[in-house]
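Trainee: Quick one, what's the 3D model for this:
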Amino acid sequence: MGDPGELLTVRDLAKGLKLSTTFVWREIKAGALPTIRLRRSVRVTRADLDAYI
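Mentor: Predicted coordinates for the structure are as follows:
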């Protein structure tokens, strides 16, 4: 397990969970997966990912 404050990209999430990036984006848009916006990029904390799983 990584650092709970680690920030993951959508691509990292999709690869790590063996899902498509489209599915990850749908979950984000539905509000099921909280995100942090850094300018134009979107990140998910490891803690939020663990809570989602």
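
Trainee: ok, the residue positioned nearest the centre of the chain - contacts?
Mentor: By CA atoms, centre = their mean, the chain has its centre lying nearest to residue 44, at 3.8 Å. Applying CB atoms under 8 Å, 6 or more residues apart in numbering, we find residue 44 in contact with 7, 8, 10, 13, 28, 33, 34, 35, 36. To be clear about C-beta, it is placed using only N, CA and C from the backbone, and glycine gets the same treatment.

Trainee: likewise residue 22?
Mentor: Counting by CB under 8 Å, 6+ apart, residue 22 has no contacts.

Trainee: to the chain's geometric centre, what's the distance from the longest helix along the chain?
Mentor: Taking DSSP state H as the criterion, the chain has its longest helix at helix 21-30. The chain centre lies 9 Å from the centre of helix 21-30; the measure is CA atoms, centre = their mean, to the nearest Å.

Trainee: At which residues are the strands of the chain located?
Mentor: Here the chain has its strands, by DSSP state E, at 7-8, 36-38, 41-45.

Trainee: Can you redo these as TSV, where the extra columns are distance to residue 18?
Mentor: Shown next, in TSV, are the strands of the chain (distance: least, CB to CB, whole Å):
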stretch	distance to residue 18
strand 7-8	14
strand 36-38	23
strand 41-45	16
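
Trainee: For the residue lying closest to residue 21 once chain neighbours are set aside, give me the pLDDT.
Mentor: Leaving aside its sequence neighbours, residue 21 sits nearest to residue 14 (CB to CB, 6 or more residues apart in numbering; 4.5 Å). We have a pLDDT of 96 for residue 14.

Trainee: low pLDDT regions in the chain?
Mentor: Along the chain, the parts satisfying pLDDT under 70 run over 1.

Trainee: Now do the same contact list for the nearest residue to residue 28 once chain neighbours are set aside.
Mentor: Once flanking residues are discounted, residue 28 sits nearest to residue 35: 5.6 Å by CB to CB, 6+ apart. By CB under 8 Å, 6+ apart, the contact set of residue 35 is 28, 42, 43, 44, 48.

Trainee: now with 6 Å?
Mentor: 28, 42, 44 (CB atoms under 6 Å, 6 or more residues apart in numbering).
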